[in-house]
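[1] quick one: sequence plus predicted model below, questions after.
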Amino acid sequence: MRKLMILGAGISQVPLIKTAKEMGLYVVLLSRQGNYPGFSLADKVYYEDTTNVDKIVEIARIEQIDGICTTGTDVAVKSIGKVVDVLGLSGLSYESSQLSTNKWEMKKAFMEHGVRTSKFLKVESKEEAYRAFEVLSPPLIFKALDSGASRGIVKVVDVSQADYAFEEVRKVTKLDYFIAEEFIEGTEFGAQAFVYDNEIQFIMPHGDTMFYGDAGVPIGHYVPYYLSNEVVEDIHNQIEQSIRALCLNNCAINADFILKDQKVYVLEIGGRAGATCLPELVSTFYGFNYYEQMIKAAIHMDPVFHKQTSQPCACELLIAEKSGEIVKLENGNESHEDIIQISFDYEIGETISKFKVGTDRIGQVIIKGAHLEEVLKRLEKVMENIKVTVS
C-alpha cells in the first residue's frame, strides 16, 4: 500500500485526507496538537509542527513515504519542498518553496523576471515604516512575509497609521522584518492553476467576494469570471513568468491578482491550492476530482486534468460578526440538486471568533447552476436561510 504524508489536519485538509483514503492510500498525518477534524481520519498521526522542516524530513524517512502534499495553507510548503528534495519525490523543490512562501524573496524574484507587481521595500524598524511613505505612493500595504490566511496584512492610508500597522504585523511574523508595498486601486481576483512536468495543466480565473477589515480577506469565490481576451492572455503571461521566477513545478498554484486599467498585477503566488472552497470549485467547474489529481501528482500516478465541463459555481464562507459561544445553528434550506454543500465547522456550545482572517470561518456553502447569475442569486438566498446565533 502506498503511503501519502499530508501536512495539516484542519478543515481545509479534510477533503484531501478523505480522498486519499478513498484511493486506498495509507495516510500519515502531521499537525500540531489541537481540536482538528483530520486526526480521526488518518491511519497514523504525528503531533508535530509542520514548519519544523528537519523533523518532517526525519519522519518522512522513517515512514518511507511515496508522496507528500497539503492544501489551503502556506505554512507547510517549505517542509514539503525539503522532503521532496531529500527523498526524491514529486512536488515543488525546496528552493521553490522558499521563494513562494517568503514574500520578500518572492517580490525580488518577480522583479528580476519581469512579473508585473507593485513597488515595495523591506521594513525592519518604525523609522523605515515612516520612510516607506516618502519612497512609495500611499496607501500602502504592510505585509508579514511568513503568514497565511490573510494574517499580518494591514492597509495603511497615511503615515499616522504606521505605528498601529507596524505593531499589528509584528504580532504575527516570526521574522524581524516585513514588506511595505503600494496598494493598487483596482479589482481583486484570483486564479487556480497546476503545473506538472513543467507544463501548465489549466488556469482557472475566479472572481472573489471580499471582507474588508485591516485588509481585504476573501470569503467567497465564483466561476466563470468573465474577462476580455486581452486580460485572459495577460493572466497566462503573468502566471508563466511567475512560474519561471519561483521555479514552480509539480504543484498546485494559488494566484492573487489586481486588475487595473486592463493590466494584471500579481500580488502573490503560492505553490499550493487555495483555501475557501477553491479546490471544490475547480472540481465542479471542470468535472474532475481536483483533490485526486493533486494526490496523483504527489505520488507520480499520472494526474489527468481533462476539462470535461464549464459548470458555473460559487462558494462563500459562513462567518460571525462577534466572538462568543454558539447557541443556535439553523439551516432553513431545503435540499436541492444545485446546493452542493452546506457545512458547519462548529457545533452548538463551541466558542467561535469574530471574523478577521480566513481561519475564523465557521462553515461554507457551495452552489452550482446553469448560469452564473442564477448561481449567485441562489447563493444569496441560501445564505439568508442560514442563521448562526452567538451568545
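    All right, it came through fine.

[2] so for stretch 47-60, mean pLDDT?
    In this model, stretch 47-60 has a mean pLDDT of 98.

[3] next: stretch 223-242.
    98.

[4] distance from it to the middle of the chain?
    Stretch 223-242 sits 19 Å away from the centroid of its parent chain (CA atoms, centre = their mean, to the nearest Å).

[5] please apply the same query to stretch 73-89.
    Mean-position distance between stretch 73-89 and its chain equals 17 Å (CA atoms, centre = their mean).

[6] and stretch 89-97, by the same measure?
    Centre-to-centre, stretch 89-97 and its host chain are 18 Å apart (CA atoms, centre = their mean).

[7] check the secondary structure at residue 300 for me.
    Of the three states, residue 300 takes coil according to DSSP: H, G, I helix; E, B strand; the rest coil.

[8] quick one, what contacts it?
    With contact taken as CB atoms under 8 Å, 6 or more residues apart in numbering, residue 300 is in contact with 67, 89, 90. Where C-beta positions appear, they are placed from N, C-alpha and C, glycine not excepted.

[9] pretty sure residue 184 is touching residue 257, no?
    No: with contacts counted by CB atoms under 8 Å, residue 184 stays clear of residue 257, the gap being 9.7 Å.

[10] for these two, list the residues in contact with both.
    The contact lists of residue 184 and residue 257 share residue 265, where a contact means CB under 8 Å, 6+ apart.

[11] comparing those two, which residue is more hemmed in?
    residue 257 (26 against 20; other CB atoms under 10 Å).

[12] who does that one form a beta bridge with?
    Taking DSSP bridges as the rule, residue 257 bridges to residue 189, residue 266.

[13] ok, it to residue 380 distance?
    Look at residue 257 and residue 380: by CB to CB, to the nearest Å, they are 25 Å apart.

[14] what residues of stretch 305-312 count as buried?
    The neighbour-count check on stretch 305-312 (16 or more other CB atoms under 10 Å) flags 305, 311, 312 as buried.

[15] for the longest strand belonging to the chain, which outside residues touch it?
    Counting by DSSP state E, the longest strand found in the chain is strand 199-212. Here strand 199-212 makes contact (CB under 8 Å, 6+ apart) with 188-195, 216-225, 227, 232, 235-236, 239-240, 243, 278, 281-282, 285-286, 303, 305, 307, 316, 319, 355.

[16] quick check: nearest residue in space to residue 87, chain neighbours excluded?
    Leaving out its chain neighbours, the residue that sits closest to residue 87 by CB to CB, 6 or more residues apart in numbering is residue 60, at 6.0 Å.

[17] got phi/psi on that neighbour?
    The phi/psi pair for residue 60 (degrees, to the nearest 10) reads phi -60, psi -40.

[18] flag the shaky bits of the stretch 51-200 of the chain, pLDDT-wise.
    The stretch 51-200 of the chain contains residues with pLDDT under 70 at 148-150.

[19] and the contacts of strand 199-212, which of them are in strands?
    Within those, residues falling in strands by DSSP E are 188-195, 216-223, 316.

[20] just checking, what packs against the helix or strand where residue 382 lies?
    Taking DSSP states H and E as the definition, one finds residue 382 inside helix 372-384. Counting contacts by 3 or more CB pairs under 8 Å, 6 or more residues apart in numbering; DSSP states H and E, helix 372-384 packs against strand 216-223, strand 313-318, strand 339-344, strand 363-368.

[21] tell me the most buried of those?
    Highest mean neighbour count of the helices and strands packed on helix 372-384: strand 313-318, a mean of 24 (counted as mean count of other CB atoms under 10 Å).

[22] how distant is that strand from the center of its chain?
    For strand 313-318, the distance to the chain centre is 14 Å (CA atoms, centre = their mean).

[23] circling back: now the longest strand of the chain: buried residues?
    Buried residues in strand 199-212, defined by neighbour count with 16+ other CB under 10 Å: 200, 201, 202, 203, 204, 205, 206, 207, 208, 209, 211.

[24] what does stretch 178-194 give?
    By neighbour count on 16+ other CB under 10 Å, the buried set for stretch 178-194 is 178-184, 188-194.

[25] what strand or helix carries the spatially closest residue to residue 247 that is not a sequence neighbour?
    Nearest residue to residue 247, sequence neighbours excluded (CB to CB, 6+ apart): residue 96, at 4.3 Å. Assigned by DSSP H and E, residue 96 belongs to helix 94-101.
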